[in-house]
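Colleague: this one's structure only:
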């Protein structure tokens, strides 16, 4: 039994703990995802995914009126310290797509309204709208995300292990990119650093120091030129494209 709520009072936590330890119930209680402002909407999305019903007094549902049919189902659940993953069967795919489209429309409206400006509260109102758009983008990701199954095999045990290691490296790199972001590959970052050093050199009065900075700036673009040349392209041409 997975219970999801905005928060839990101490008596509730104590009752759940006793039920698990002494009653032998297989249960887990977690907080709803996202900021408190959007908890209700997030819970409604999860209820749609799992075919469950949100216990909400505004809609006429309370714990006293709870019925077993209000419970939803999923194939599996993984609960971690900072993240919970629900594996649903997506039987109500059409309803999920409609909800996702509504969220997309809300995001577009928020971003367009923030761009137009003319708020009574000034920049703070625009920032609040952009923050809401980011929260809705995360909500959209939860509605549309899926799980991919990668089957890895080989002719020998050694080949299987080698391929498994490469797949694990790719998964770790992808997860790291999702958590921390990415930078352009192909030595493009070094080119950006080179341009910054050239700007820095213009502010240096000492000739020797300036020439040293320019020398480093010139060296930083060489990896990209070499990578492009190795791939059969004109390195200088690719460099100018990256600069643009």
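Modeller: Received it, and whenever you're ready, just let me know what you need. All values reported here derive from a predicted model rather than from experimental measurement. Residues are numbered from 1 along each chain as shown.
Colleague: just the helices from this structure, written as ranges.
Modeller: Counting by DSSP state H, the chain has helices at residues 10-21, 39-50, 93-116, 123-144, 157-180, 188-201, 207-220, 222-230, 235-243.
Colleague: among the ones you listed, which is the most enclosed?
Modeller: Of these, the one with the most neighbours on average (mean count of other CB atoms under 10 Å) is helix 39-50, at a mean of 19. No exception for glycine: its C-beta is placed from N, CA and C like everyone else's.
Colleague: contacting residues for residue 226?
Modeller: residue 235 (CB atoms under 8 Å, 6 or more residues apart in numbering).
Colleague: for the chain, give me the ranges with low pLDDT.
Modeller: 34-38, 90, 117-124, 146-147, 186 (pLDDT under 70).
Colleague: residue closest to the middle of it?
Modeller: Nearest to the mean C-alpha position of the chain, by CA atoms, centre = their mean, lies residue 178 at 5.6 Å.
Colleague: circling back: same list, the helices of the chain, but as TSV with distance to residue 79 please.
Modeller: Conversion of the helices of the chain to TSV gives the following (distance: least, CB to CB, whole Å):
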stretch	distance to residue 79
helix 10-21	13
helix 39-50	14
helix 93-116	22
helix 123-144	15
helix 157-180	18
helix 188-201	37
helix 207-220	46
helix 222-230	43
helix 235-243	44
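Colleague: among the ones you listed, which is nearest residue 67?
Modeller: With CB to CB as the measure, helix 39-50 is the member of these nearest residue 67 (14.5 Å).
Colleague: just checking, what packs against that closest one?
Modeller: strand 84-87, helix 93-116, helix 123-144 (3 or more CB pairs under 8 Å, 6 or more residues apart in numbering; DSSP states H and E).
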